[in-house]
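Enquirer: Got a sequence here, can you build the structure:
(2 chains)
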Amino acid sequence: MRSISNLIRRRLRPTLILALAIGLAAPAAASALNVFAASSLREVFTQIDPSPTYNFGGSNQLQLQIERGADADVFASASSQEPQALFKAGKCDRPVTFATNKLVLIVPKGNPGKITSVRSLRAGGKNLAIGNAGVPIGDYTRKLLRRLGLSRALTRNTVSQEPNVASIVSKVGLGSADAGFVYVTDAKIANNRVQAIRLPRYAQPPVRYQICHVKRSAESAAFIAKVRSGRGRSLLKAAGFGLPPKG
Amino acid sequence: MSRSCRSRPPPGVSRDFYRAAFKQRKTGFSAAQRRHINRVASAKRAHIVRLNAVLGGDAPQAGDFATVLPKGAVKTKARIIGLAEQLETLLVRTYLTGVGYVEDSSTRLFLGHLLTYDAQQLAWLRGASGHASPGGLLSPIDLDAAAGELDSFLSTPDFPD
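Expert: Just a heads-up that it's a prediction; the model follows:
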């Protein structure tokens, strides 16, 4: 009897150890859920749910990728324009607003360009970083400047146009630009490198983030539910986002 | 057009204030003065529509922000006149800045029209309150200061503070 049990142990132990070793050595399987999200959501989305495979970028670029057949399950955009266009084209479900934001002007710590207000840009001669036209942050910035009657700031200053909000923060944070327009949430994340200058409320374009299923599944529904849950809303609020009424 | 079919009015602090002042009963204004306040509210709405036409697609939309009036702002005649004078003075000084600095002549003329209207309203308010007209001239206002003052009357409840 003992010899049989020894035999089983001897045969099973190496197998068991091998199986455990394979289990430990195997890389964690990539998440089945692909979330395409605006750059400004990077910090908060990874806090809300670290498990999906994320693709962060400019919302318009992500829209283009989805239109061309990229393997996205969920799309979260920094404006309603991109998901609504996908919805109209039958490429995503009806989008819902899950967060809001507002714009600020950021300058590098120490403010070497001595910019005290958005109207300082009227004088010209500064290096300014803004989003490309077509990227939500770029469109919002242009709208805000038009409402302030300051569109000429874009011709009187040296303007570098960036593909997403993260690039604007980097440029200003590194001092390559004297100022840039970003979301208040990005300014908050980079507050060790940049200072934020508030912009008038009446000129703020309404920044609404929308989310939609590109491919509806239990996982995509669970992810969107997490973003819209009480915990998701708390994390969004802590990150500086505004919240639409529950519903 | 039925009331329910009308589009929501564009946002405007002075229009909202005069509308609230008109709706408030027993403030001490005469019937003629109340009719005047109602006319001013309508005129302010027309001004906003024209201002928004100048801004085109970039104009603020209904729901972009809400007007927040100080507590009890329309409770009495004295409070209404006090806040109205504050708002009209702000508007006159802001339009004066525009008239002085806007490069486009048609926009400058339009701002001049608004300036004329609001200066008349300011004079009416001073007459209604029995205040003497000031001896000096109003000065243009720095637009950052004007924006700060205007922001104190605005709220964006769904957006970050």
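Enquirer: With adjacent residues omitted, what lies nearest to the residue of chain A found nearest chain B?
Expert: Closest residue of chain A to chain B, Cβ to the nearest Cβ: residue A:200 (3.6 Å). To be clear about C-beta, it is placed using only N, CA and C from the backbone, and glycine gets the same treatment. Closest residue to residue A:200 apart from its sequence neighbours, by Cβ to Cβ, 6 or more residues apart in numbering or on different chains: residue B:147 at 3.6 Å.
Enquirer: per-residue pLDDT, the one you found?
Expert: For residue B:147, the pLDDT comes out at 91.
Enquirer: And it, how far from residue B:65?
Expert: 13 Å (Cβ to Cβ, to the nearest Å).
Enquirer: Between the two, which contacts overlap?
Expert: Common contacts of residue B:147 and residue B:65 (Cβ atoms under 8 Å, 6 or more residues apart in numbering or on different chains): A:201, A:202.
Enquirer: what's in contact with stretch A:238-247?
Expert: So stretch A:238-247 is contacted by A:43-44, A:47, A:97-102, A:184-185, A:188-189, A:208-209, A:233, A:236-237, B:156, B:158-160 (Cβ under 8 Å, 6+ apart).
Enquirer: Report the buried members of those.
Expert: A:43-44, A:97-102, A:184-185, A:188-189, A:208-209, A:233, A:236, B:156, B:158-160 (16 or more other Cβ atoms under 10 Å in any protein chain shown).
Enquirer: close enough to count as contact, the residue of chain A closest to chain B and residue A:148?
Expert: Yes: counting by Cβ atoms under 8 Å, residue A:148 is a contact partner of residue A:200 at 7.1 Å.
Enquirer: got a list of what the residue nearest to residue A:146 when sequence neighbours are not counted touches?
Expert: Counting by Cβ to Cβ, 6+ apart, the nearest residue to residue A:146 once its immediate chain neighbours are dropped is residue B:58, at 4.3 Å. Residue B:58 sits next to A:143, A:146, A:147, A:205 when contact means Cβ under 8 Å, 6+ apart.
Enquirer: from memory the last one sits against residue A:142, does it?
Expert: No: under the contact definition of Cβ under 8 Å, residue A:205 does not touch residue A:142, with a separation of 9.2 Å.
Enquirer: more crowded one of these two?
Expert: Higher neighbour count among residue A:205 and residue A:142: residue A:205, with 21 against 18, using other Cβ atoms under 10 Å in any protein chain shown.
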